[in-house]
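1. need a structure here:
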Amino acid sequence: MVANNCLLVISLCTIGIAEVSDNSNRAMGWHWYNELPLEKADDGIKDELEKDNGDKTSAVTQMAKLREAVEEAKARAVLYPTVKNLRAYLILQNFVTNQATLFTQAWKKTLLVYPELDYSILHPTQNSAQHILYARNSSKENEAIAAFSKKYGLFFFYRGKEPLDQELAKTIDRFSKQNKIALIPIAMDGQLIELFGNSQLNQGQAEHLGIKHFPALILVEPKSKQVVPLHYGFIAESELRRRFLQVATNFKDGV
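-> The predicted structure follows:
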């Protein structure tokens, strides 16, 4: 691990170590993810860095010092490209690369010991799993929509003169019919959209519900008068379906 003594990290640029192999063809700068093995000749650095000298410097400070040391060594090698300066930089670079490799290995081992920390268990990203997840989420979305359609009606506040609202109206009309959810379209600017047979002008409904942004989709439960904001602005049908599931699960699912 990085030494507790920050000054030791700085001194790495000039520390005397046995000759390393010629790495001039690998001068690639500051890379955390190039899995180049740490040369055996660099073991002395690791030994020195792992000594506990009682310094209580935080790991964040140590990391900052290590970055500073590497950047300083790199800059010196670029400005003064001598064998000595390149060697000092490559020693540091290889050490950091090795630490990144060790970190990756420890990460994998940790997830085996503590699988509950593995995000990919519940959210696999492999292509072969995606169609299964899609089917599962689609089923959940259908259940959420069906549950809302039994108790709630959908208010669609729109501006009839706005092209985006006119385009969204097609999606809302199709969605409401396919899912058998009651729809009440309300025009905010006095311009009715002919697509809706039951469209009406706003007569204070928006103000009563506190709707100030349009277009707006609002779920309303007639008996209890419960109001549930569903979405503001333009939305695709696939996103609209997902939004029903998100609202139904208080955004714990269907994200």
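2. use CA for all of it now, contacts and neighbours both
-> Will do.
3. could you measure residue 62 against residue 69, distance?
-> 10 Å (Cα to Cα, to the nearest Å).
4. What residue, apart from its backbone neighbours, is nearest residue 173 spatially?
-> Nearest non-adjacent residue to residue 173, counting by Cα to Cα, 6 or more residues apart in numbering: residue 196, 7.3 Å away.
5. what are the ranges of the helices in the chain?
-> Ranges of helices in the chain, per DSSP state H, are 6-10, 43-49, 59-79, 83-113, 119-122, 127-151, 163-178, 205-209, 237-248.
6. okay, those helices in CSV with distance to residue 184 and mean neighbour count next?
-> Output for those, formatted as CSV (distance: least, Cα to Cα, whole Å; neighbours: other Cα atoms under 10 Å):
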stretch, distance to residue 184, mean neighbour count
helix 6-10, 68, 19
helix 43-49, 70, 16
helix 59-79, 57, 17
helix 83-113, 51, 18
helix 119-122, 38, 10
helix 127-151, 13, 15
helix 163-178, 10, 15
helix 205-209, 11, 12
helix 237-248, 17, 19
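7. May I see these organised as JSON lines, with distance to residue 229 and mean pLDDT added?
-> Output for the helices of the chain, formatted as JSON lines (distance: least, Cα to Cα, whole Å; pLDDT from 0 to 100):
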{"stretch": "helix 6-10", "distance to residue 229": "54", "mean pLDDT": "38"}
{"stretch": "helix 43-49", "distance to residue 229": "57", "mean pLDDT": "52"}
{"stretch": "helix 59-79", "distance to residue 229": "43", "mean pLDDT": "95"}
{"stretch": "helix 83-113", "distance to residue 229": "39", "mean pLDDT": "97"}
{"stretch": "helix 119-122", "distance to residue 229": "29", "mean pLDDT": "89"}
{"stretch": "helix 127-151", "distance to residue 229": "13", "mean pLDDT": "92"}
{"stretch": "helix 163-178", "distance to residue 229": "15", "mean pLDDT": "97"}
{"stretch": "helix 205-209", "distance to residue 229": "10", "mean pLDDT": "94"}
{"stretch": "helix 237-248", "distance to residue 229": "9", "mean pLDDT": "95"}
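8. Between those, which one is closest to residue 224.
-> helix 127-151 (9.9 Å; Cα to Cα).
9. same for the closest one, what does it pack against?
-> Counting contacts by 3 or more Cα pairs under 8 Å, 6 or more residues apart in numbering; DSSP states H and E, helix 127-151 packs against helix 237-248.
10. Could you rerun that using 10 Å?
-> strand 216-221, helix 237-248 (3 or more Cα pairs under 10 Å, 6 or more residues apart in numbering; DSSP states H and E).
11. Which among those is found nearest to residue 104?
-> That would be helix 237-248 among those, by Cα to Cα, at 34.2 Å.
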